[in-house]
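In: Here's a sequence, model it:
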Amino acid sequence: METRTNDSYVFTPSNAGEFTTRVLENIHLSTRYYLLRLARPANFVEPLAGQFVHVMVPSPGATAGERFFLRRPFSIHDCTRDFLDLVIVEVGAGSSALRRLRAGDTAHFYGPLGHSYPVLSGKKVLAIGGGVGLAPLYFYGFRAPGGLGENYRLLYGARTREDLFLDHVPLERPGVVLSTDDGSHGFKGNVVQLAARELERESADAIFTCGPTIMMRAAQKLAEKHGIAHYASLENRMGCALGACRACVVPTTLGGPSPYRTVCHDGPVFDASVLVWDELPIP
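Out: Next comes the predicted model:
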């Protein structure tokens, strides 16, 4: 929703809020990944699969040169009446600082934000995920309304068995097929190769993806080959997460004053057919 104040536009999602809550757990998933579990604030609305929260990075006692001024966006992996789960990969100083949070610490975030995956009732959906891209696809299929049932297949790929998080995330269940690059668990190869095999076995009405840009670009080619709709959730660096700073724009084939769209405000879920894949940034 866009509201006008003093002749300037302020982007304010109608159901988002600013929240302060407690850290319940910070669970080590693998060498690089962890799951940050936050107490769900009382007024946090029911999120949709594909939406995200913008989390403040703690800077306790930091000098001016060490403070984190920008928040970090994370897709919602799970949400119950009691908690909110975020899957985070440690890639820099900000994610490392979040990794050091412990039960009882305070966390601040804004959300839920962004556009979600469409709810395709009665349609066959093939979801393809890699890395932290597991989060919204897991949420769609196994928690949020719309994805449950035999029409939803989730394919998830990782480098090795360790990055499948099997000790903490219940992935070995009907409808889920796993792959590893080194063949240490499940299908040997990348997850798009697995998707190609699965589509030969059974067709789908739509493909959902989230993960590395290279993976989703390959999935778009697969979707075009089979004539299947493809909805992709992009992962980009963000500043405000409200569409105002324009830091996360991506090129599209859409009309209007500009072909560029913001991942935070116009996405993160896009119809993949309108994205200019060869020009997308690789986070």
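In: Just the CA atoms of the longest helix along the chain, as PDB, please.
Out: Ranked by residue count under DSSP state H, the longest helix found in the chain is helix 213-226. What follows is helix 213-226, C-alpha atoms only, in PDB (Å, rounded to 0.1, in the frame of the first residue of the first chain):
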ATOM      1  CA  THR A 213      20.100 -17.000  -9.000                       C
ATOM      2  CA  ILE A 214      22.000 -19.500 -11.300                       C
ATOM      3  CA  MET A 215      19.700 -22.300 -10.000                       C
ATOM      4  CA  MET A 216      16.500 -20.300 -10.600                       C
ATOM      5  CA  ARG A 217      17.700 -19.200 -14.100                       C
ATOM      6  CA  ALA A 218      18.200 -22.900 -15.000                       C
ATOM      7  CA  ALA A 219      14.700 -23.600 -13.600                       C
ATOM      8  CA  GLN A 220      13.200 -20.900 -15.900                       C
ATOM      9  CA  LYS A 221      14.700 -22.600 -18.900                       C
ATOM     10  CA  LEU A 222      13.200 -25.900 -17.700                       C
ATOM     11  CA  ALA A 223       9.800 -24.200 -17.200                       C
ATOM     12  CA  GLU A 224       9.900 -22.700 -20.700                       C
ATOM     13  CA  LYS A 225      10.800 -26.100 -22.200                       C
ATOM     14  CA  HIS A 226       7.700 -27.700 -20.500                       C
END
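In: contact partners of it?
Out: Helix 213-226 has contacts (Cβ atoms under 8 Å, 6 or more residues apart in numbering) with 128, 130, 133, 157, 190-192, 195-196, 199, 203-204, 207, 209-210, 228-230, 232, 234-235, 272-273, 275, 277-278, 280-283. (C-beta placed from N, C-alpha, C; glycine too.)
In: Is it possible to mark the buried ones in those?
Out: Buried members of those, scored by 16 or more other Cβ atoms under 10 Å, are 128, 130, 133, 157, 190-192, 195-196, 199, 204, 207, 209-210, 228-230, 232, 234-235, 272, 275, 277, 280.
In: hang on, the earlier thing: now, which of the contacts of helix 213-226 lie within helices?
Out: 191-192, 195-196, 199.
In: Adding pLDDT, write those out as JSON lines.
Out: JSON lines is the format used below for the ones in helices among the contacts of helix 213-226 (pLDDT from 0 to 100):
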{"residue": "191", "pLDDT": "97"}
{"residue": "192", "pLDDT": "97"}
{"residue": "195", "pLDDT": "98"}
{"residue": "196", "pLDDT": "98"}
{"residue": "199", "pLDDT": "97"}
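In: Quick one: residues contacting the residue positioned nearest the centre of the chain.
Out: Centrality entry for the chain: nearest residue to the mean C-alpha point is residue 75, 3.7 Å, by Cα atoms, centre = their mean. Counting by Cβ under 8 Å, 6+ apart, residue 75 touches 50-52, 86-87, 132-133, 135-136, 139, 210, 233, 268.
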